[in-house]
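predicted model, plus sequence, below.
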Amino acid sequence: MAGGMNIIEHLEFHDSTLAAVRTEGDLLLQLRPGYIHHWEHDGLAWTGVGRLQDVQLRLIAGRFVGKMAETETDIADGTISVDDATFENLVPVPFRRHGRVAARLELADGSILEATATGVVVETIGPSKDLEPLPAEWAPTERAADAGSKPEPR
């Protein structure tokens with residue numbers, strides 16, 4: 001990590017709130033707020049902060065499998081799979097992948113929201129609000145630090 005600070009951010013589905021679902025060709029899931037793990041590495045150690053920030057999750061050419069959520073609800077857990085890569089509860093932001101996508105959100109009311117798509121884009125919207133320090137044992141691994149949260153090239 002030569003030349004300064006390395007920053008990695010991940011959306012944690014747990015502790016996020018699904019506020020709106022829209023279908024406009026793509027499926028748009030609005031998390032208001034989303035819970036973001038924000039990590040900074042200063043060359044010596046990782047420092048993490050849990051933040052609240054709005055997040056848009058776009059499922060490209062997405063289709064629901066089963067019933068769509070109709071009211072605002074907290075998310076208990078979630079998974080996004082793109083081809084052979086699976087992201088359980090934590091997804092890098094920003095994030096952009098094309099391929100065979102399966103998304104599954106377990107909602108706090110016990111219902112399951114599932115969708116398929118041909119691509120996924122996850123991005124934060126607007127300002128963040130620092131909420132709490134993150135435990136050092138949650139710090140990114142070397143593999144995650146090397147990958148960062150850079151989007152896949154188009």
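In hand now; what should we look at? Residues are numbered from 1 along each chain as shown.

and G34, how many neighbours?
Close neighbours of G34, defined as other CB atoms under 10 Å, add up to 29. From N, CA and C alone the C-beta is placed, and that goes for glycine too.

how near is it to T141?
Using CB to CB, to the nearest Å, G34 is found at 22 Å from T141.

hmm, Q30 is touching S16, no?
No - using CB atoms under 8 Å, Q30 makes no contact with S16, being 10.4 Å away.

check which helix or strand covers F87.
Assigned by DSSP states H and E, F87 belongs to strand 85-88.

ranges for the helices of this protein?
Secondary structure of the chain (DSSP state H): helices located at 142-147.

and the longest strand for this protein?
strand 112-133 (DSSP state E).

which secondary structure elements does it contact?
Secondary-structure packing of strand 112-133 (3 or more CB pairs under 8 Å, 6 or more residues apart in numbering; DSSP states H and E): strand 6-12, strand 26-41, strand 46-60, strand 63-65, strand 95-107.

pull the CA atoms of the strand holding F87 into CSV?
Only the C-alpha atoms of strand 85-88 are listed here, as CSV (Å, rounded to 0.1, in the frame of the first residue of the first chain):
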residue,chain,number,x,y,z
ALA,A,85,-18.5,-15.5,-6.5
THR,A,86,-20.7,-15.2,-3.4
PHE,A,87,-20.9,-12.2,-1.1
GLU,A,88,-22.5,-13.1,2.2
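
what average pLDDT does it get?
Averaged across strand 85-88, the pLDDT comes to 97.

roughly how far is it from the heart of the chain?
Centroid separation for strand 85-88 versus its chain: 11 Å, with CA atoms, centre = their mean, to the nearest Å.

hang on, isn't I112 packed against T79?
No - between I112 and T79 there is no contact, the gap being 10.8 Å when judged by CB under 8 Å.

any common contacting residues for the two?
By CB atoms under 8 Å, 6 or more residues apart in numbering, I112 and T79 have these common neighbours: R104.

list the buried residues of stretch 39-52.
By neighbour count on 16 or more other CB atoms under 10 Å, the buried set for stretch 39-52 is 39, 41, 46, 48-52.

now it, how far from the centre of its chain.
17 Å.

endpoints of that stretch, how far apart?
Using CA to CA, to the nearest Å, one end of stretch 39-52 lies 14 Å from the other.
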